[in-house]
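Chemist: Next come a sequence and a model predicted from it.
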Amino acid sequence: MNKIETLVLENGLKIYLYNDKRRHSTFFQLTTLFGGLTKDFKVNEKEYHFQDGIAHLLEHYLVECNEVGNFLKELGKRQMNTNASTHYDMTNFYFEAVEDVDFGIRTILNGIYNVKFDEHKLEKLKNPIYQEIRGKKDNKFYHANIMTLNNLFDDIKFRNIGGTIEEVESATIDDLKICYEAFYQPSNQFIVVAGNFDRDVVVNEIKKFYDNIDIKTVEVELITHKEKLTVHKSEDTLYFPTPLDYVEISFKLDISKLSPVERLDLDFYLGCFYNQFFGITSLLHKEFIDKKIITSGIGCSDIKVENFLIVSIGSYTYDALYFKNRILEVLKELKYFNEEKFELEKKSAIVRIILRDENVMKMVMPFIDNIVNFNYPYLDKVSEVERLKYSDFVANIKKLDFSNYTITTIKEK
């Protein structure tokens, strides 16, 4: 597998190059470590506390309100696959192209760093975002997720990446400017270029751009919350049109003492845990199907919120009480570990790593995830999966404290 080359410019910008001449296209992405969760911070010792949706609103503003114009449209005119996205902890601007890669790099960088802050443009930009938010209001899981986060946390106020209409409406151009100047600095960003490209041309294009711009440097410190491990409310019901009751149990796990590598290992162990305990071949899933408790699968997911990992397990069910009680019993007993399945999971992960080499995007996305979530700027390697032991898997899962949770039920009135 080709190695990733890492460069660091004098301004702190990191550039990761994955050159593969077998490809026909090139992928470019600029990532800023500023997302939906990044709302409380200090700039030069002054505290700021923003509402949900500020990072998403800034993403839209940067795309449209700069000296280039809507740079995604400009790239689209040259048949480039391009977009921007806001996540919990980052904002991305990217394109994939067969030719004109240098043009694409200049266009995105010029758009991001030559923004024009104007209150009138912001107000005009808000209208399509209002429509985007309204479109989510018919989604029961959108409301259930907000309810769950409200019940999990006291001090942490994050509820939704896009925010509410009221939150977007109250955002000012000064708010956007403060966030932009705090986080859209090269030292808080990185660039990934992958595929078939001329290494020297790409590097020179990026260096030349940054050599010719003057970016104000500010001191930024993220404010962490004194959040308790206990949950705010243990159970709640959302009344919403639904063909069947949906029950989700969300567990609040403290991962503050885990190192980045330990968190990366836990990410793999959790995947094995979900499959062994709740997957379609698990004993619990078979029990639920046989007893007609559920008719589909059991959903498992997790997100990181500051130093907490939120693990959610849910399903449509005909018997909400039985479903809840059995999930909690299983997590208390933790007796469904299976070494044979664990070894199969390792083999499957190794195959996925090998096959990633066939698709640039399948390689790039996990690599970016490693950087942002685990502070691990390396490709996953076969040797790293091979070193994982079944005994460590069991020990790591058994160390997790599943005693703090909230139950969210969606049902008809």
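Modeler: Looks like it arrived, so ask away.

Chemist: Give me the contacts around the helix or strand Glu345 falls within.
Modeler: Glu345 belongs to helix 339-356 when elements are defined using DSSP states H and E. Defining contact as C-beta atoms under 8 Å, 6 or more residues apart in numbering, one finds that helix 339-356 is touched by 268, 271-272, 275-276, 281, 362-363, 366, 380-382, 385-386, 388, 390, 393. Just so you know, the C-beta spots here come from the backbone N, C-alpha and C atoms, and that holds for glycine as well.

Chemist: Give me the subset of those residues lying in helices.
Modeler: 268, 271-272, 275-276, 362-363, 366, 382, 385-386, 390, 393 (DSSP state H).

Chemist: List only buried entries from those residues.
Modeler: Buried residues within the ones in helices among the contacts of helix 339-356, counting neighbours by 16 or more other C-beta atoms under 10 Å: 268, 271-272, 275-276, 363, 385, 390, 393.

Chemist: Can you redo those residues as JSON lines, where the extra columns are distance to Ala84?
Modeler: Shown next, in JSON lines, are these (distance: C-beta to C-beta, whole Å):
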{"residue": "Phe268", "distance to Ala84": "30"}
{"residue": "Gly271", "distance to Ala84": "29"}
{"residue": "Cys272", "distance to Ala84": "34"}
{"residue": "Asn275", "distance to Ala84": "33"}
{"residue": "Gln276", "distance to Ala84": "38"}
{"residue": "Met363", "distance to Ala84": "21"}
{"residue": "Val385", "distance to Ala84": "32"}
{"residue": "Tyr390", "distance to Ala84": "42"}
{"residue": "Phe393", "distance to Ala84": "37"}
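
Chemist: Which of the residues you listed scores worst on pLDDT?
Modeler: Among those, Met363 has the lowest pLDDT, at 84.

Chemist: list the contacts for that residue?
Modeler: By C-beta under 8 Å, 6+ apart, the contact list for Met363 reads 18, 194, 356-357, 379.

Chemist: do that again at 6 Å, thanks
Modeler: Arg356 (C-beta atoms under 6 Å, 6 or more residues apart in numbering).

Chemist: Ok, Tyr376 next?
Modeler: 260, 264, 370.

Chemist: how many neighbours does the first one have?
Modeler: Read that as Pro260. Applying other C-beta atoms under 10 Å, we find 12 residues neighbouring Pro260.

Chemist: Measure how buried the closest residue to it other than its chain neighbours is and give me the count.
Modeler: Excluding the flanking residues, the one nearest Pro260 by C-beta to C-beta, 6 or more residues apart in numbering is Asn375, at 4.3 Å. By other C-beta under 10 Å, 12 other residues sit near Asn375.

Chemist: and if you look at the one 5 residues further on?
Modeler: A count of neighbours around Asp380, defined by other C-beta under 10 Å, yields 20.

Chemist: Need the phi and psi values for it.
Modeler: Asp380 has phi and psi values of phi -60, psi 140 when expressed as degrees, to the nearest 10.

Chemist: Please report the distance of the closest residue to it other than its chain neighbours from Glu386.
Modeler: Counting by C-beta to C-beta, 6+ apart, the nearest residue to Asp380 once its immediate chain neighbours are dropped is Ile353, at 5.4 Å. Distance check for Ile353 against Glu386: by C-beta to C-beta, to the nearest Å, it reads 10 Å.

Chemist: So for Met1, what pLDDT did the model give?
Modeler: Met1 is assigned 46 on the pLDDT scale.

Chemist: Lys216 too?
Modeler: 86.

Chemist: how many other residues sit next to it?
Modeler: Counted with other C-beta under 10 Å, residues neighbouring Lys216 total 6.

Chemist: Please apply the same query to Lys137.
Modeler: For Lys137, the neighbour count with other C-beta under 10 Å is 11.

Chemist: now Phe141
Modeler: For Phe141, the neighbour count with other C-beta under 10 Å is 16.

Chemist: any idea which helix or strand carries it?
Modeler: Phe141 belongs to helix 140-152, assigned by DSSP H and E.

Chemist: Quick check: bridge partners of Asn83?
Modeler: Taking DSSP bridges as the rule, Asn83 bridges to Tyr94.

Chemist: Please pull out the lowest mean pLDDT helix or strand from this structure.
Modeler: When the helices and strands of the chain are scored by mean pLDDT, DSSP states H and E, helix 360-374 comes last with a mean of 89.
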